[in-house]
Each structure stands twice: as C-alpha cells, then as structure tokens.
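Novice: Let's see this in three dimensions:
(2 chains)
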Amino acid sequence: MNLNKILKNAFIVVLLGLVVTACATKKSVKTTTESSTEKKAAETQTADPIEKLDALMQGDVYIGSDTVGELASGVPDRVFFATNETILTTASRETLRKQAAWLRQNSDVTVVVEGHADERGTREYNLALGERRANAAKDYLMTYGVSSDRIKVLSYGKERPVDSGSNPLSWSKNRRSVTVKAN
Amino acid sequence: MKKNFFLIFLIYSIFKPTFCFSLVEIDITRGNLDPMPISVSPFFSNEDTNEKIKNILSINNLGLEISKVIENNLEKTGLFDAIDKEAFLQKPDIAHLKPRFEDWALIKSQVLITGKVTSKIINDKDYIRIEFKLWDVLGAKMVDGFSLTTVPTNWRRVGHKISDKVYERLTGESGYFDTRIIYVAEEGPKTQRVKKLAIMDQDGFNTKYLTLGNELVLTPRFNPTNQMVTYLSYFRNMPRVYLLNIETGKQQVVGDFPGMTFAPRFSPDGKKIIMSLAKDGNSEIWVRNLETNIQEKLTDHPSIDTSPSYSPDGKYITFNSDRSGYQQIYVMRSDGSNVKRISFGKGIYGTPVWSPRGDLIAFTKLHKGKFFIGVMRTDGTGERLLTENFYQEAPSWSPNGRIIIFYRETKTDDKGKGFSAKLWSIDLTGYNERLVKTETDASDPSWSSLLGN
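Specialist: Next comes the predicted model:
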C-alpha cells in the first residue's frame, strides 16, 4: 500500500474541505431559479393557510419550535435549512452560539452533529447534502471555540425524518442538523 | 433465423424504440400493443416421477408449475398473451411428442411451448431432467428446445432458463429471466424505518434477507461478473461502503477512508468499486481497485459529486454534480479527465446509470415538484421521460438493457399516514409499467447479470 499516496490524497481532501468551507456562503447565494420554482410548486400543494405557514416558516426555513429538543437546559439541539441549502440563518447561528457556549463550559462533552435532508431529493445526493449541512454547523461551533476533535459529523440524508408528512412544512422540519451528546 | 419472419419482425418491431419523443416533452401515453398469443402446455410427467417429486418438493404437479413460471415470465414482458390452459385441446404428453397444429391454431395460438419432466437417480442422488420444445404453430414445426438435468430444488431456475430461450428465439434479444434482484426491504413507520438487504428471483420468488436490520443499509449493487454485492452500511454509526459475498455471507468494509463513503458501484469487470467519499462538507468520487487495494480520487471540485456509474466498456464514468448550482449529469473519462456536463433540460437531474448496451443513460429528474425516470443518449441528446410520479428514483437496468427497475414512494396524507415504498419496472419504450411484488416495502433495486450454469 502506497502510504505516500494516501497521505497526499488525504491532504488534498483536507485542503478541499477548507475550500468548501470558504466557498459555502458564496455557493449558497447562488440559488437558482430552479429551486425557487420548485418551492412555489411545493407550496401550492399544502392545504395549510398561508398565514399559519408564515408563522412557522421564513422563506422555506422552519422557524417554529415543534420537534426542537434541548442539548442542555435552554440550549436548542437543532438548526434548520432552506431547500438544497447549507447556509446558516441568523437564528441558526444564534442557536449554534448557545451550543458552543455550553460546550465550552462542559469541556468533557463530545457531540455528534447529525445532518438531514428532506425526502424531495435522490438518496445519494441527500447523503452528501446532510454531510454538508452537518459540517456547516460543525464549522460554526469550531469558530466559537469548540475543538474539532469533540465534534463528529454523521449524515443520515433523508433516512431519518422527524415529520412523516409530505408537505412543505414537514419537509422544512426535516431539513436540519441536530447536535447530539455522544458521551 | 429461417423462422416465421413475420412473427419475429412483429416482436422485434415492438421492441425497437422507434416511438418519437421530442426533447423534454413528456409523453407517457401507454399504447395498447397487440401481444402475441402463446400457449404454454403443462409439462408432462408420469405417475412414477410425480410420486418421487411430491416426496422431495411437496409439489403435486411440477410440470404444471414449471409451465406457470414460464407463462408468468412471458406475460409480464407485455409482448405475449398466454392462452388459458382450459382452452387447450391436446394432452401435454402427446403435444410434446408431436402437436396437432390445427388444434393450437384453432385457439389462436401462434407459439406453443411443451415439455417433459423425468426424475432420475445419479450416484444415489435425486435429479430431475426437464426437456422443452418451442413450436411455431403457423409454420407447423419445432423451432427450438433443450433439456437440462439438475437438482429438484432448482426447478424454478429451469423455468427461467426456458423463458430466456423462448424470449431470445422470438425477439432476437438476450433474455433476463434467470436473474435476481437485490434490494432494501423496508418496514416500520416512516420516521424509524428498519432496512434490511434482501434478494429475490427476478419474478419475486425465493426472497432471502441478508442482514438483520440492526443497522441502516442502503443502495446494494451487484457485481456484474459474480455474486458479490457492494452497499452502504451504518454499522457502528460509521456509514461506509461494504462488500458482501452472497454465497458465504462474509462482509468487509471497502477501503480505509477518513469519512463517509457511499454511492458504490462496481466497474464492468467487477474488479473496482467507484463511490463517493464525503469529508468536511465535500463529496468527491473515488475508485478503489479490489485487487491492488489502490484507491484514487477522480473528481476535484468543491461541490457534491456523487452517484457514479461506469460505461460498459469501462472507459467512462457518468455521475451527478451540483457544480453548476444544482444537480446535473456529467460524463468523464474513467481516469477523471474530460469532465462534461450532458444534462441541459429543465429541472434537476440525478442518479445516472449507464445502460449495459452502452448507448443510453437512465436518470432521475425532478421538475416542477414531480419525479421522472428517463433516458438520454450518452451525449445528453434524445432525452425521453418514461414515467412521472410524486417520488421515484434509483433506476437499474435489466441485463439486456430493455427494462428499468426503480422504486417509488407514496405521498403521505395530512396526518403523515399512508407511506409506502415499492419497486416498479418499465420498458425502455415507456410501456408496460408494472409493480414488482415484494414481501415487504422495498427500495434501491439492483438487477443481477444472467446467472451462469
């Protein structure tokens, strides 16, 4: 086995990882007309009154509290994403800062950040998307002082929805990353 | 091929994808083609054989059962219409010896299949000998036939081999009946699905479960050259690509990667596995040689590159990437060079799978909230959408490249109830869409090559 080659490849992977992180924001802005037409099509499918959805979703990001658990007292365990997106919203960043603060205070705790996608994508792509989302959350936790060796990521793609509905609100709850205590 | 030319031409013309579809226009009208009337006579066996087989297999009339296997296979192609056995005027033994063609023409049969089952003992072991003949009723002659001797438990496979022979003879295409399908069996509520690897004969019989459901398993794919399978397992919460030997049950992780590996598929020679590695928010396509254990990265882009599939000559790989902003289909050389986008229609394109014939790529497309299974030429032209639904994906080709199997999930109601996942198949022509029956809910089908002897 060619150790040099593996090390070199691993190095490239790490480098690329950095590039991705750096590009994350730029990439997310590039939402195409495609996904917005899809959102429109999806929204017309629901029977819920628009007002009710507005209270629970901003754009198509879930902002309600249903399904949200706690990592610790007063520290929400999850953040939500827009369709096909990995960008962290203002609310998500606030949640993650709370998580980071708590993790800094409890330095013996390690966590797994689980990344999830909704059911409206192909299985394999969603596995990759879940991994991207979990890493977006992980990177933010690291920015706020949690060391990377305390955070594992695990993508479930579309395999573990919290809401079994087939409507935009259910899908918005399922597009998430959840920080779970690992020890 | 000096048969009834009209007959062969008729079937061949059904098979040729000459239906016109313009680019991205969705035409999935199912025409009602005229299937060919065919009679499958119960295979004859004498009292002595019947008694023996009843003791071994607990089947009263094996000859009848074999004829039903063949009948079922041929009918499901949509190309044949099996005539009710009640209408047959001639007894199985005499028909097999020499059919009275007028009797079969009278019930409008164009083709007749007859056979005979005999029990045998070789070296103190029980065997069955199965003989079959294919008759052209209009031409009044036998056109094909063979006999096989095998262990009694293999009787369904003999039925499949006979079906393959008939199909090949009448369509000029290689068959696909003596094959198996590996898939993911699903049970439980949508939020907590239990998934197991399962394998069954192409016609839904002989289902076996290969994992217990303790860990999540996804996307099993056959090695085209043997009975190995590659799949994704969440064993110990470490999602990795595994290799499974179906015969021995032995499983092993593929390679040593520093992150989640997924979306595996074998190379056409079965010696390599291509897959994605997700690490630090980026998914790239890698290949691992199973003989040399050398692994190489093939793509190099800060986007999601996944769902790779080799061309049958092994020279190219198709995959999907969101490097343009959203999922599209690309083709590159198998060393990772010359990456070209090929999908340019409206919508998101994923899961490209190269046809075993080499000329087409099957894909999943999401457009205006609907999922389509379609095919395009390998340069992206000639897109044809075969079927539209709320959710469906993961096409896999029959070994002769004529049928695509995929899975479909239902939309749940307002209370989140009514979820199901099922396997479906559709002809390349866009006709003959069928539910593939499975014991449980099912997804991620992969079709094996024709089994050997």
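
Novice: can you pull out the helices in the stretch 51-200 of chain B?
Specialist: Along the stretch 51-200 of chain B, the stretches classed as helices by DSSP state H, counting those that start in this stretch are B:62-76, B:92-97, B:101-106, B:155-171.

Novice: want to throw the ones you listed into CSV with distance to chain A?
Specialist: The way it works is simple: take the backbone N, C-alpha and C, and place the C-beta from them, glycine included. Output for the helices of the stretch 51-200 of chain B, formatted as CSV (distance: least, Cβ to the nearest Cβ, whole Å):
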stretch, distance to chain A
helix B:62-76, 27
helix B:92-97, 48
helix B:101-106, 49
helix B:155-171, 30
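
Novice: What's the local residue count around residue 104?
Specialist: By default, I'm working from chain A. The local packing count at A:Arg104 equals 13, with neighbours defined by other Cβ atoms under 10 Å in any protein chain shown.

Novice: my bad, the chain I had in mind was chain B
Specialist: Per other Cβ under 10 Å, the neighbour tally for B:Trp104 reads 26.

Novice: Can you lay out the helices of the stretch 51-200 of chain B as CSV showing mean pLDDT?
Specialist: Compiled in CSV, the helices of the stretch 51-200 of chain B are given as follows (pLDDT from 0 to 100):
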stretch, mean pLDDT
helix B:62-76, 97
helix B:92-97, 95
helix B:101-106, 96
helix B:155-171, 95
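
Novice: Look at residue 9 and report its pLDDT.
Specialist: Just so you know, I chose chain A. Note for A:Asn9: predicted pLDDT of 50.

Novice: if you could check chain B rather than the one you did, that'd help
Specialist: Per-residue confidence (pLDDT) for B:Phe9: 39.

Novice: and if you look at the one 10 residues further on?
Specialist: Note on B:Phe19: pLDDT of 35.

Novice: A:Ala55 too?
Specialist: Among the per-residue scores, A:Ala55 holds a pLDDT of 84.

Novice: Next, give phi and psi for it.
Specialist: A:Ala55 has phi and psi values of phi -70, psi -20 when expressed as degrees, to the nearest 10.

Novice: Hmm, it is touching A:Gly64, no?
Specialist: Yes - using Cβ atoms under 8 Å, A:Ala55 makes contact with A:Gly64 at a distance of 7.4 Å.

Novice: between the two, who's got more neighbours?
Specialist: Each of A:Ala55 and A:Gly64 has its neighbours counted (other Cβ under 10 Å); A:Gly64 has more, 14 against 9.

Novice: Make a markdown table from the helices of the stretch 51-200 of chain B and add distance to B:Gln251 to it.
Specialist: What follows is the helices of the stretch 51-200 of chain B, written out as a markdown table (distance: least, Cβ to Cβ, whole Å):
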| stretch | distance to B:Gln251 |
| --- | --- |
| helix B:62-76 | 32 |
| helix B:92-97 | 46 |
| helix B:101-106 | 52 |
| helix B:155-171 | 26 |
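
Novice: Pick out the residue of the stretch 251-400 of chain B closest to chain A.
Specialist: B:Asp280 (2.6 Å; Cβ to the nearest Cβ).

Novice: Assess the claim that A:His116 and A:Gly130 are in contact.
Specialist: Yes - the pair A:His116 and A:Gly130 qualifies as a contact (Cβ under 8 Å) at a distance of 5.3 Å.

Novice: and for those two, which residues touch both?
Specialist: A:Ser155, A:Tyr156, A:Gly157, A:Lys158 (Cβ atoms under 8 Å, 6 or more residues apart in numbering or on different chains).

Novice: Using TSV, please lay out the residues you listed together with secondary structure, pLDDT and distance to B:Pro356.
Specialist: Below are the shared contacts of A:His116 and A:Gly130 laid out as TSV (DSSP: H, G, I helix; E, B strand; the rest coil; pLDDT from 0 to 100; distance: Cβ to Cβ, whole Å):
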residue	secondary structure	pLDDT	distance to B:Pro356
A:Ser155	strand	98	31
A:Tyr156	strand	98	32
A:Gly157	strand	98	28
A:Lys158	coil	98	28
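
Novice: Now, of the residues you listed, which are buried?
Specialist: Buried subset of these (neighbour count, 16 or more other Cβ atoms under 10 Å in any protein chain shown): A:Ser155, A:Tyr156, A:Gly157, A:Lys158.

Novice: which one among those gets closest to chain B?
Specialist: Nearest to chain B out of these is A:Ser155 (Cβ to the nearest Cβ; 6.0 Å).

Novice: Could you report the pLDDT at the closest residue to the closest one other than its chain neighbours?
Specialist: On the basis of Cβ to Cβ, 6 or more residues apart in numbering or on different chains, the spatially nearest residue to A:Ser155 that is not a chain neighbour turns out to be A:Gly130, at 3.4 Å. A:Gly130 is assigned a pLDDT of 98 by the prediction.

Novice: Quick check: phi and psi at A:Gly130.
Specialist: Here is the backbone geometry of A:Gly130 (degrees, to the nearest 10): phi -60, psi -40.

Novice: okay, now it: neighbour count?
Specialist: Using other Cβ under 10 Å as the criterion, A:Gly130 is surrounded by 31 other residues.

Novice: B:Lys141 now?
Specialist: If you count neighbours by other Cβ under 10 Å, B:Lys141 ends up with 12.

Novice: quick one: the residue nearest to A:Ser155 and A:Ala117 touch, right?
Specialist: Yes - using Cβ under 8 Å, A:Gly130 makes contact with A:Ala117 at a distance of 5.1 Å.

Novice: B:Asn320 touches B:Met332, doesn't it?
Specialist: No - taking contacts as Cβ under 8 Å, B:Asn320 lies outside contact range of B:Met332: 11.9 Å.

Novice: So the two - more neighbours on which side?
Specialist: Neighbour totals were compared for B:Asn320 and B:Met332, and B:Asn320 leads with 29 against 20 (other Cβ under 10 Å).

Novice: Report the contact partners of that one.
Specialist: By Cβ under 8 Å, 6+ apart, the contact list for B:Asn320 reads A:122, A:125, B:305-307, B:327-330, B:349-352.

Novice: So which of the residues you listed wins on neighbours?
Specialist: B:Ser307 (34 neighbours).

Novice: Please give me every residue in contact with that one.
Specialist: Taking Cβ under 8 Å, 6+ apart as the definition, contacts of B:Ser307 comprise A:Thr122, A:Glu124, A:Tyr125, B:Ala263, B:Ser276, B:Phe319, B:Asn320, B:Gly350, B:Thr351, B:Pro352.

Novice: Return the subset of these lying in helices.
Specialist: In helices, judged by DSSP state H, the following of the contacts of B:Ser307 are found: A:Glu124, A:Tyr125.
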